[in-house]
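S.K.: Sequence and predicted structure, then a few things I'm wondering about:
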Amino acid sequence: MTTPASLPVDIEAIIFDCDGTLADTFGAHFRAFRDILADYQVVFEAEFYHARLGLSRYQLLEELKQAQGKPFDEQAVAEHNTAAFLAHLPAIQPIPYTHDILRSQYGRLKLGVASGGQRSIVEATLKAIGVYDMLDTFVTIEDTGVGKPAPDLYLLAAERLEIAPRFVLAYEDSDEGMEAAERAGMRVIDIRPFYRTDPARW
């Protein structure tokens, strides 16, 4: 387990993924989908979502449609998702493992976020867990147009921090994210052994 005290000595910056790494946003996402899908008389259950956390939004909705056999407009659901998510910001919780690391390194190392999420959602999430003002930069899909596992998000974040990738430590919670950081030339730590979301709290 990597703790604040055991970070590699040559690290000059840390770049975190956001959803599932710095913040447990699953409850907010679940409630947003649940609220929107209720308009289509589609029941969206926590257990169903929990079993499919690695899927993209469109993959998730396609599996839901196949499972329930009820028609709904996937594009419309996606378009309403941001507003619905922002209505459930109180459901967002900081993830203790990474939250402690970020706070311990604030003022010591440069800190950033590289997320494949939408800027409005990522910004609201970082503010909800109280770390937005502690970051030197944050990069989202709008900045690159290319998501993970491509390295673009991490490379741009490192460029903005003015730190060479080999001196950056990344934290991730997905295989795609880990691949992105590695392809960017960074060291990366998988936080999944240290944190599991609890659907009972959603």
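M.R.: Sure, I can see it.
S.K.: Check which residues of stretch 47-54 are buried.
M.R.: For stretch 47-54, the neighbour count (16 or more other CB atoms under 10 Å) marks 48-49, 53 as buried. All C-beta spots, glycine's among them, are computed from the backbone N, C-alpha and C.
S.K.: Identify those among those residues that sit within helices.
M.R.: Counting by DSSP state H, the buried residues of stretch 47-54 place 48-49 in helices.
S.K.: The closest residue to E179 other than its chain neighbours: neighbour count?
M.R.: Distance criterion CB to CB, 6 or more residues apart in numbering; nearest residue to E179, sequence neighbours excluded, is P149 at 3.8 Å. P149 has 16 neighbours, counted by other CB atoms under 10 Å.
S.K.: what does Q66 give?
M.R.: The number of residues packed near Q66 is 8, by other CB under 10 Å.
S.K.: Now do the SS call for it.
M.R.: Judged by DSSP: H, G, I helix; E, B strand; the rest coil, the three-state class of Q66 is helix.
S.K.: Can you give me the pLDDT of it?
M.R.: Listed pLDDT for Q66 reads 92.
S.K.: Distance of it relative to R108?
M.R.: 49 Å (CB to CB, to the nearest Å).
S.K.: Could you do H88 as well?
M.R.: From H88 to R108 the distance is 33 Å (CB to CB).
S.K.: The two: which has the busier surroundings?
M.R.: Between H88 and R108, H88 has the larger neighbour count (other CB under 10 Å), namely 18 against 11.
S.K.: still on that earlier bit, mind checking the SS state of the residue nearest to E179?
M.R.: Going by three-state DSSP, the state assigned to P149 is coil.
S.K.: can you map out the strands along this protein?
M.R.: 13-16, 23-24, 93-94, 110-114, 137-139, 168-172, 187-190 (DSSP state E).
S.K.: Identify whichever of the ones you listed lies nearest to P71.
M.R.: Comparison of these against P71 by CB to CB identifies strand 23-24 as nearest, at 31.6 Å.
S.K.: Next, V131: phi, psi?
M.R.: phi -120, psi 0 (degrees, to the nearest 10).
S.K.: and the gap between the residue nearest to it when sequence neighbours are not counted and L169?
M.R.: With sequence-adjacent residues excluded and distances taken as CB to CB, 6+ apart, V131 is closest to L102, at 5.9 Å. Remark: distance between L102 and L169 (CB to CB) = 12 Å.
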